[in-house]
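[1] Everything below, folded, please.
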Amino acid sequence: MKTSNKLKRLVHDLNQLIGTIEIIESEIAHALKKYLTKNIEGKAKLRLKTVCKDDGLHLKVYLSIDNKSRLKNVIVPYSASIVEKVQEQIQKQLGI
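    Numbers count the residues shown, from 1 in each chain. The predicted structure follows:
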């Protein structure tokens, strides 16, 4: 019985964390879409995915412009300056 209750609590905590990550991804996507609208011509499609690595959570960024993939290997660790780090990677790879 104790194990069952502990697992229920852990699953509940995990669901709360997943919800928080989804909110963070949404905020990051909003900021990056504003940036892309100002700096990129063409139709940009942005996709974000949170991945867990040995050293913590990272954000994997996919960007296509006019249906052509434009970013390669953009994986940024979660931090307070994650939006700026992703913008730097976009500038570096696209030559903006």
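[2] Any idea how many residues pack against the closest residue to residue 83 other than its chain neighbours?
    Spatial nearest neighbour of residue 83, chain neighbours left out: residue 31 (4.8 Å); criterion: C-beta to C-beta, 6 or more residues apart in numbering. C-beta coordinates here come from the backbone N, C-alpha and C atoms, glycine included. When neighbours are defined as other C-beta atoms under 10 Å, residue 31 has 15 of them.
[3] Specify the local secondary structure of residue 31.
    Following DSSP: H, G, I helix; E, B strand; the rest coil, the label given to residue 31 is helix.
[4] Ok, residue 46 next?
    strand.
[5] which ones are touching it?
    29, 32, 33, 36, 61, 62, 63 (C-beta atoms under 8 Å, 6 or more residues apart in numbering).
[6] pLDDT at the fifth one, what is it?
    It stands for residue 61. pLDDT, residue 61: 93.
[7] before we move on, which element is it in?
    Under the criterion of DSSP states H and E, residue 61 resides in strand 56-65.
[8] That strand: which residues count as buried?
    Of all the residues in strand 56-65, those buried under the rule 16 or more other C-beta atoms under 10 Å are 58, 59, 61, 63, 65.
[9] How about residues contacting the helix or strand just after that strand?
    Heading C-terminal from strand 56-65, the first helix or strand you meet, by DSSP H and E, is strand 68-69. Residues from elsewhere that reach strand 68-69 (C-beta under 8 Å, 6+ apart): 62, 63.
[10] who does strand 68-69 pair up with?
    In the sheet, strand 68-69 lines up against strand 56-65 (antiparallel) (DSSP bridges).
[11] Name the residues that touch the partner strand?
    Against strand 56-65 from outside (C-beta under 8 Å, 6+ apart): 21, 25, 28, 32, 36, 40, 42-52, 69-71, 74-78, 82, 86, 89-90.
[12] immediately after the helix or strand of the chain with the lowest mean pLDDT, which helix or strand?
    Every helix and strand of the chain was ranked by mean pLDDT, DSSP states H and E. The lowest is strand 68-69, at a mean of 86. Next helix or strand after strand 68-69 toward the C-terminus (DSSP H and E): strand 75-77.
[13] Return the set of buried residues in that next one.
    Quick answer for strand 75-77 (16+ other C-beta under 10 Å): residue 76.
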